[in-house]
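Enquirer: Build me a model:
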Amino acid sequence: MFRPLTALALTLAAAVSFAAPAAAAERQTFTAAALAAAQAKGRPILVEVKAWWCPVCASQGRTIKATTAGLQYNNLLILSINYDKQKAEWKALGAQKQSTLIGYSGAREVGRVVYTTDKAAINGLLAKTIG
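Expert: Sure, this is the predicted structure:
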């Protein structure tokens, strides 16, 4: 008799957890068109220039992932530039090395963080980006 009720309770709990909206930033591979479209909409944008082999990039990525999981970042668009394969793209944005983070509020650049794992600096840039 208790098994059907337990199964029902577990099913309802699972349904509720899947029905809850995800609160996290949106991630895309960088393209100039994606940046332009997001800027035209006035979205907050974080461009990250990263390399798979870069330990600083990996640390920045963990900080960004943890911070942008909150509801206040649900409109943030994170555009990732592959340092090794998209050289023209990161150079066009004025980046000089991997582990460069550039924040935009619409078309306006609000700040940059370069080659640092300082969580306060990264979180400060993210806060400026969402305004």
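Enquirer: Now do the helices in this structure.
Expert: 2-19, 32-40, 55-67, 87-92, 119-130 (DSSP state H).
Enquirer: For Ala24, report the pLDDT, please.
Expert: On pLDDT, Ala24 comes in at 89.
Enquirer: Correct me if wrong: it contacts Ala66.
Expert: No - using CB atoms under 8 Å, Ala24 is not in contact with Ala66; the gap is 10.6 Å. From N, CA and C alone the C-beta is placed, and that goes for glycine too.
Enquirer: more neighbours, those two?
Expert: Higher neighbour count among Ala24 and Ala66: Ala24, with 15 against 11, using other CB atoms under 10 Å.
Enquirer: center of the protein - which residue?
Expert: The residue lying closest to the centre of the chain (CA atoms, centre = their mean) is Ile78, at 3.8 Å.
Enquirer: which ones are touching that residue?
Expert: Residues near Ile78 by CB atoms under 8 Å, 6 or more residues apart in numbering: Ala25, Glu26, Arg27, Gln28, Ile45, Leu46, Val47, Glu48, Ile64, Thr68.
Enquirer: Which one of these is nearest to Ala121?
Expert: Nearest to Ala121 among the contacts of Ile78 is Ile64, at 11.9 Å by CB to CB.
Enquirer: if I pick that closest one, what's in contact with it?
Expert: For Ile64, the contact set (CB under 8 Å, 6+ apart) comprises Ala25, Leu46, Glu48, Ile78, Leu101, Ile122, Leu126.
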